[in-house]
Each structure stands twice: as structure tokens, then as C-alpha cells.
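# One predicted model, sequence on top.
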Amino acid sequence: MENEPLLETYLRQLRLPTFLKNYRQVAVDAAHSNLDYPRFLLSLAEQEVHQREHNLVEKRIKAARFPVLKELADFDFSALPTLNKAEILDLTRGEYLQKRESLIFIGNPGLGKTHLATGIALTACRQKKKVRFWTAASLVNELLQAQDEHRLHRFIAQALKLDLVVLDELGFIPFSDPGAQALFTFCSEIYERLSLIITTNLKFADWIQVFGSERLTAALLDRLTHHAHILELLGESYRFRQRMQRETRQQS
């Protein structure tokens, strides 16, 4: 086809890579199926749109910086009978994102809090939401560095472009006074402006162990719990159960 080089040049200029990749095969299929020109173009346009949607989701997932991708479909709800599976699955519809609500998962280590938080956040990415995952310690470190470099306001302004922040492992490491204040400032700024998922091994009464100041802790909890779904996980550590199963198999 003598016009192919010109067509491909135009497709590149128009940034239609899926058109460019597939038009020959679609043209062959259209000829065999006796498709008219509009349906031929519709097929190419559908492929272009679907590929762009797929690329956008992949971009969202990469930008979120999940340490490990964990799907809700792989979560063992049977190990936590007191956890309301229907409520978790209902959250994946994303209404909490529209309402700027938060989710707080509380429970001992090894119960799957991070798995649930990641699975829900992955679903948000697939709904084309902008998500960012931090451990509490890493976020505080970044906030303090931004503060030292006089760009804390810019850092928070960038965060406000997100739809959802995941704050993992709150409670494992106590913060310095500047760190606690920086995290309080961050959470206060995003309050009611985007959604937040928190995982913590501490009950609310014990958060003072992390933040030090009773007044600051109370003010932070007041904001975080105002529009929050609070889900407590009760049960035996997943890692402990795995270890016991391995030992049982080895003994048998």
C-alpha cells in the first residue's frame, strides 16, 4: 500500500500508537468479514481507547509506589471471622473516595492490615484515582526533609493532587517532636480534601506513645476519625499460622 508511510507518519503525529500497531491486521479482518468503513474505524478506535485506559491504570499503580502488590481476591477472610467481608468489598465501590472519607485498620501485626489497605488502594488505581503509599516512618522522613529544604508547602500541595493516601504501619516507631508535628500538619492539610487509609497496631488510646503530646494526639485523632470507617482485625498472625503449618507438615 503506497500510502502506508504517510498514514503511519500521521498516526505518529496524532499519537495513536495502537492504531499504528493494529491497522493492518484490522484491515485484513475487516475485508474478510466484509465490514464497512465506519465499523473498521470503530474497531481501531475501541482498541486505542482500551489500551489508553490500560496504560493509565498501570501508570497510576506505578505512581502509587506500593512495596508489594496484594489483591483483595487473595485475602483469607476465613482466618478473621469477625471481619465484615461484605463491608470491605463494599468499600471497593469507591464511595469513601467521593466523600473524602478515611479507612483505619487496627490490629496486631500479621493480621493482614497492609494487604487489605493495598488491595483497596489498588482498586482505587483501577478506578483511575491518584494514589500514594507511604509507611508512616518514610512519610515523616520525607516531610522533615522537605521542611529542612523549605519546600514543605510544595510537598503538601503535591499531595493534595492525590485522591488517596495510604499511611502504613503507624505505631511501629515513635516520632520525634518535629516528626510528630510535621505529620500532624500533613494530616490536617489533607483532612476533608482527600481520603486516607491508615494501618496501625495501636488502639487509639495508645497513639500518644507515637506522637508524645497528648494535646497533639487528641487533635489528630479528632480529625482522622471524624469521617472514618474504623475496622478492627482480631485473630492469629498470618505469619504465625504459616509457620505452624510448615512445622506440622514437617512433623507428619
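Great, that's in hand. Small disclaimer: the values here were computed from a predicted structure and weren't measured.
# doesn't residue 20 make contact with residue 8?
Yes - assessed by Cβ atoms under 8 Å, residue 8 is found in contact with residue 20 at 5.9 Å. C-betas here are computed from N, CA, C, even on glycine.
# Who has more neighbours out of those two?
Counted by other Cβ atoms under 10 Å, residue 8 and residue 20 do not tie: residue 20 has more neighbours, with 18 against 13.
# where exactly do the helices run in the stretch 151-252 of the chain?
Counting by DSSP state H, counting those that start in this stretch, one finds helices in the stretch 151-252 of the chain at the ranges 152-159, 177-190, 208-211, 214-224, 238-251.
# for residue 128, phi and psi?
The main-chain torsion angles of residue 128 are listed as degrees, to the nearest 10 and equal phi 70, psi 30.
# what are the phi and psi angles of the residue nearest to it when sequence neighbours are not counted?
Of all residues not flanking residue 128 in the chain, residue 56 sits nearest, at 6.0 Å (Cβ to Cβ, 6 or more residues apart in numbering). Residue 56 adopts backbone torsions of phi -60, psi -40, taken as degrees, to the nearest 10.
# which residues of the stretch 1-150 of the chain score low on pLDDT?
Per-residue confidence of the stretch 1-150 of the chain (counting by pLDDT under 70) places the weak regions at 1-3.
# what about the strands in it?
Remark: strands of the stretch 1-150 of the chain, listed N- to C-terminal, are 102-107, 131-135; assignment by DSSP state E, counting those that start in this stretch.
# got the CA coordinates for the longest one in CSV?
So the one you mean is strand 102-107. Output for strand 102-107, consisting of C-alpha atoms alone and laid out as CSV, is shown next (Å, rounded to 0.1, in the frame of the first residue of the first chain):
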residue,chain,number,x,y,z
SER,A,102,-10.9,7.6,55.6
LEU,A,103,-10.3,4.0,56.5
ILE,A,104,-8.5,3.0,59.6
PHE,A,105,-7.4,-0.7,60.1
ILE,A,106,-6.4,-1.5,63.6
GLY,A,107,-4.9,-4.8,64.7
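# angle of it against helix 177-190?
Relative orientation of strand 102-107 versus helix 177-190 (axes from the mean of the first three to the mean of the last three Cα atoms, to 10 degrees): 140 degrees.
# re earlier: can you tell which of the helices of the stretch 151-252 of the chain is closest to residue 107?
Comparing the helices of the stretch 151-252 of the chain against residue 107 with Cβ to Cβ, the closest turns out to be helix 238-251 (10.9 Å).
# want to throw the helices of the stretch 151-252 of the chain into JSON lines with mean neighbour count?
Formatted as JSON lines, the entries for the helices of the stretch 151-252 of the chain read as follows, by neighbours: other Cβ atoms under 10 Å:
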{"stretch": "helix 152-159", "mean neighbour count": "15"}
{"stretch": "helix 177-190", "mean neighbour count": "18"}
{"stretch": "helix 208-211", "mean neighbour count": "18"}
{"stretch": "helix 214-224", "mean neighbour count": "15"}
{"stretch": "helix 238-251", "mean neighbour count": "10"}
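# Of those, which shows the lowest average pLDDT?
When the helices of the stretch 151-252 of the chain are ranked by mean pLDDT, helix 238-251 comes last with a mean of 53.
# Please identify the deepest-packed of the strands of the stretch 1-150 of the chain.
Comparing these by mean neighbour count (mean count of other Cβ atoms under 10 Å), strand 102-107 comes out on top with a mean of 23.
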